[in-house]
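[1] mind looking at a prediction? Sequence and model below.
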Amino acid sequence: MNKIKEKIQLKLKETTILFDEPLMNFTFTKTGGPADMLSFPKTKEEVRQIVLFCRENDIPWIVLGNASNLIVRDGGIRGMVIMLAEMNQVNVAGDKLTVDAGAKLIDTTYEALANDLAGFEFASGIPGSVGGAVFMNAGAYDGEIKDVFESVEILLPTGEFQLLTNEEMNFSYRHSALQNMKCIALQAVFALTKGDTQQIKRRMDELTELRQSKQPLEYPSCGSVFKRPEGHFTGKLIQDAGLQGLKWGGAQISEKHAGFIVNIDGATATDYVELIAHIQSVILEQFGVKLETEVRIIGEEK
Ligand code: FAD
């Protein structure tokens, strides 16, 4: 590790890189073990240099967005974690937004509002980055990223850049083609429409109020843990199974919204992973419904 550290400090000297950094400092659940290396590139070229360095030195890498849809196991992540938080420009030209992948989706929706652009209101409370939202085809209140998405520039593991259009992204419910590729989304273009500022603002405020009334935003969580199973509502299944409020270590199935697992008392990622498995097995046994996680579980066990 020391040898790699020296090499990195020599080769990637422009980039901030933290070593053995606890990812619980970044995840929305406030759980998760350390990353061997955690980098914060500022430009596309820095991202490319990191990926090429990893390739030359046989170091595994992974990109994280705002870590709002992730559980990082307690053993953490070996190799290089790349976070794009410092690549966060939003540019507006006419009715198009060109946005760096590290920009916060919420900030992007406010930029749309500031320019009287409608279409992005649905995303105004989703706490991810633009890259993570594109990767997940994030959505809420009848809107999805695919509705406003035009294209994304990605970086491949070979160091080449590529542009993917809406059609090539193969979007479906919480799915995009990026989930089947090893790549990094760098910058996305969204096509919106001219709208009325007051109307856009009203809709955003309405959705914020709805979120605040229905979601346990006062606790750390990763949002909805499970995808909506065909023909059912996850929260209702969990309630009907008598699981709502169940505590597992420091984690709890939220009393406010049964689809959320909240960190109420120093939960570990293991608490989360075990509670998720428990919910899945009870729901399968009682209702024959297979719950698939929306949250992505990554990293190593302790
Ligand atoms: P991360 O959690 O960091 O990563 C998710 C996945 O995306 C990982 O596999 C990661 O490797 C990949 N990824 C991230 N960035 C990139 C990139 N640049 N290139 C390639 N891959 C990348 N989601 C909804 O859809 N609707 C909601 O209403 C919603 N509400 C939420 C409410 C709360 C309180 C919380 C905590 C979460 C909520 N979420 C919701 C979940 C989450 O915010 C979204 O899934 C979001 O899109 C994830 O973005 P992120 O940047 O945090 O991604």
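    Received, thanks. Worth saying up front: this structure is predicted, and the values here are computed from it rather than measured. Residues are numbered from 1 along each chain as shown.
[2] tell me how many other residues crowd Met56.
    You called it Met, but residue 56 is Glu. When neighbours are defined as other Cβ atoms under 10 Å, Glu56 has 10 of them. For glycine as for every other residue, the C-beta is placed from the backbone atoms N, C-alpha and C.
[3] and the pLDDT for it?
    Note on Glu56: pLDDT of 96.
[4] how about Met1?
    Reported pLDDT for Met1: 73.
[5] over to the one 5 residues further on?
    At Glu6, the predicted lDDT confidence score is 90.
[6] please apply the same query to Gln9.
    Confidence at Gln9, expressed as pLDDT, is 86.
[7] and it, which of the three is it?
    helix (DSSP: H, G, I helix; E, B strand; the rest coil).
[8] how near is Gly159 to the ligand?
    Gly159 sits 15 Å away from the ligand, going by Cβ to the nearest ligand atom, to the nearest Å.
[9] wait, that residue sits on Cys54?
    No - at 10.5 Å, Gly159 does not count as touching Cys54 under the criterion of Cβ atoms under 8 Å.
[10] more neighbours, those two?
    A side-by-side neighbour count of Gly159 and Cys54, using other Cβ under 10 Å, places Cys54 first with 19 against 12.
[11] doesn't Gly79 make contact with that one?
    Yes - using Cβ under 8 Å, Cys54 is in contact with Gly79, at 7.0 Å.
[12] anything in contact with each of the two?
    60-61 (Cβ atoms under 8 Å, 6 or more residues apart in numbering).
[13] can I get the worst-scoring helix or strand of the chain on mean pLDDT as CSV, trimmed to CA atoms?
    Lowest mean confidence among the helices and strands of the chain (mean pLDDT, DSSP states H and E): helix 2-11, at a mean of 89. Output of helix 2-11 as CSV, limited to C-alpha atoms (Å, rounded to 0.1, in the frame of the first residue of the first chain):
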residue,chain,number,x,y,z
ASN,A,2,2.8,2.4,0.9
LYS,A,3,4.4,1.8,-2.6
ILE,A,4,1.0,2.6,-4.3
LYS,A,5,0.6,5.7,-2.1
GLU,A,6,4.0,7.0,-3.2
LYS,A,7,3.2,6.3,-6.8
ILE,A,8,-0.2,8.0,-6.6
GLN,A,9,1.2,11.1,-4.9
LEU,A,10,3.7,11.3,-7.8
LYS,A,11,1.3,10.5,-10.7
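[14] what's it packed up against?
    If contacts are counted by 3 or more Cβ pairs under 8 Å, 6 or more residues apart in numbering; DSSP states H and E, helix 2-11 sits against strand 16-22, helix 44-56.
[15] list the buried residues in it.
    4, 8 (16 or more other Cβ atoms under 10 Å).
[16] run through who's touching that helix.
    Applying Cβ under 8 Å, 6+ apart, the contact partners of helix 2-11 are 17, 19, 37, 49, 53, 57, 59.
[17] hey, what's the first one bridged with?
    The one in question is Ile17. Note on Ile17: beta-bridge partners by DSSP bridges are Ser39.
[18] mind checking which of the helices and strands packed on helix 2-11 is nearest the ligand?
    helix 44-56 (9.2 Å; Cβ to the nearest ligand atom).
[19] which neighbouring elements make contact with whatever helix or strand comes next after the closest one?
    Moving toward the C-terminus from helix 44-56, the next helix or strand (DSSP states H and E) is strand 61-64. Judged by 3+ Cβ pairs under 8 Å, 6+ apart, the packing partners of strand 61-64 are helix 44-56, strand 77-83.
[20] now the angle from the least confident helix or strand of the chain to helix 44-56?
    150 degrees (axes from the mean of the first three to the mean of the last three Cα atoms, to 10 degrees).
[21] and the angle from helix 2-11 to strand 77-83?
    Using the same axes, to 10 degrees: helix 2-11 against strand 77-83 is 20 degrees.
[22] how far does helix 2-11 sit from its chain's centre?
    Averaged C-alpha coordinates place helix 2-11 at 29 Å from its chain's average position (Cα atoms, centre = their mean, to the nearest Å).
[23] just want the angle from it to strand 16-22.
    Using the same axes, to 10 degrees: helix 2-11 against strand 16-22 is 150 degrees.
[24] how about Leu243, nearest residue that isn't a chain neighbour?
    Leaving out its chain neighbours, the residue that sits closest to Leu243 by Cβ to Cβ, 6 or more residues apart in numbering is Ile253, at 5.6 Å.
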